[in-house]
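Chemist: Next comes the sequence, and after it the predicted model I'd like to discuss.
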Amino acid sequence: MFFDTHAHYDAEEFREDLDELLSSMPGGGVCGIVVPGCDLVSSRKAVELAEKYPFIWAAVGVHPEQAWALSDGEMDELRAMLQHPRVVAVGEVGLDHYWQENPAPEIQAQCLEQMFTLAEETGKPVIFHERSACADSMAAVRRHPKVRGVFHCFGGSVETAKELVELGWYISFTGVLTFKNARKAPEVAAFVPADRIMIETDAPYMAPVPYRGKRNSSLCLPQIAEALAKARGITAGEAAELTKQNALTFFGLKKE
Ligand SMILES: [Zn+2]
């Protein structure tokens, strides 16, 4: 069985056939999915999905591409959502300086501080998105030693992964592991300690080979587990089991 630690089922791409697709997950070998929120509306939708499907859990937060300085009322709404028994993390949060049109770095940094505050208050882990902002992201992580989290869709170096692991963080890999031109990801995947690795689809984005460019879903986890297995010299079954157990531990869910 596979655990997808990051999939955006509130996305427009799933509107037509969402219920049909999600209902096929247990039959497709998927035992758990975490749906992160990207703003307040999408966080509410993530919670709704977690209430509807027993194998879905939600995270709530504000994505760096949507970042703004949250009002007290907006913070209170996120706080209330974090008390929900099926909300397991603060996410998706982070820093993204890749796109010119993204919110200004100061706004992103302010929003991220607010998200770290929520994690500190609730003791919930953080799902972190980092793109073209490695130094600032690591500085933020170091400033909050009580917070644990995962760097999702990890694209950084072995050195960064090493520091994250030392700080108690996890590393999660997507279908990028299967891309022919991905050199860094398999190298990092081979390095990360066995008890700190997770896998995710980041659906509907990042579909693994041979579905690259198509709509992604949690049903593509076997391809990602296989690529992880290849990088680490273990079997695909071992990779699936290892990442599932790590996800259950990371999100504080009961072990099977
Ligand atoms: Zn995401």
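Modeler: Arrived safely. These numbers come from a predicted model, not from an experiment.
Chemist: Contacts only, for L221.
Modeler: F2, D4, G29, V30, I199, T201, A240 (Cβ atoms under 8 Å, 6 or more residues apart in numbering). Backbone N, C-alpha and C define where each C-beta goes, glycine included.
Chemist: try 7 Å this time
Modeler: Shown in contact with L221 (Cβ atoms under 7 Å, 6 or more residues apart in numbering): F2, D4, V30, I199, T201.
Chemist: Which phi and psi values does the third one adopt?
Modeler: Main-chain torsions, V30, degrees, to the nearest 10: phi -100, psi 120.
Chemist: quick one on the thing from earlier: ranking by neighbours, what's the top pick from the contacts of L221?
Modeler: The most crowded member of these, judged by other Cβ atoms under 10 Å, is D4 (30 neighbours).
Chemist: okay, now the closest residue to that one other than its chain neighbours: neighbour count?
Modeler: Nearest residue to D4, sequence neighbours excluded (Cβ to Cβ, 6 or more residues apart in numbering): S218, at 4.1 Å. S218 has 25 neighbours, counted by other Cβ under 10 Å.
Chemist: how close does S218 sit to L177?
Modeler: For S218, the distance to L177 (Cβ to Cβ, to the nearest Å) stands at 16 Å.
Chemist: partners of the strand of greatest length in the chain in the sheet?
Modeler: Using DSSP state E, we find that the single longest strand of the chain is strand 87-96. Strand 87-96 has the following sheet partners, assigned by DSSP bridges: strand 56-60 (parallel), strand 126-131 (parallel).
Chemist: mind giving me JSON lines with those and columns for mean pLDDT and mean neighbour count?
Modeler: Converted to JSON lines, the strands paired with strand 87-96 look like this (pLDDT from 0 to 100; neighbours: other Cβ atoms under 10 Å):
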{"stretch": "strand 56-60", "mean pLDDT": "98", "mean neighbour count": "28"}
{"stretch": "strand 126-131", "mean pLDDT": "97", "mean neighbour count": "26"}
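Chemist: re earlier: now the two most distant members of the contacts of L221.
Modeler: The most widely separated members of the contacts of L221, counting by Cβ to Cβ, are V30 and I199 (11.4 Å).
Chemist: would a markdown table of the strands paired with strand 87-96 with distance to F250 be doable?
Modeler: Formatted as a markdown table, the entries for these read as follows, by distance: least, Cβ to Cβ, whole Å:
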| stretch | distance to F250 |
| --- | --- |
| strand 56-60 | 11 |
| strand 126-131 | 10 |
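Chemist: Can you check which of those strands gets nearest to R143?
Modeler: For the strands paired with strand 87-96, proximity to R143 was assessed by Cβ to Cβ; strand 126-131 is nearest, at 12.6 Å.
Chemist: which stretches of this structure have low pLDDT?
Modeler: Per-residue confidence for the chain (pLDDT under 70) gives these ranges: 255-256.
Chemist: That'll do, ta.
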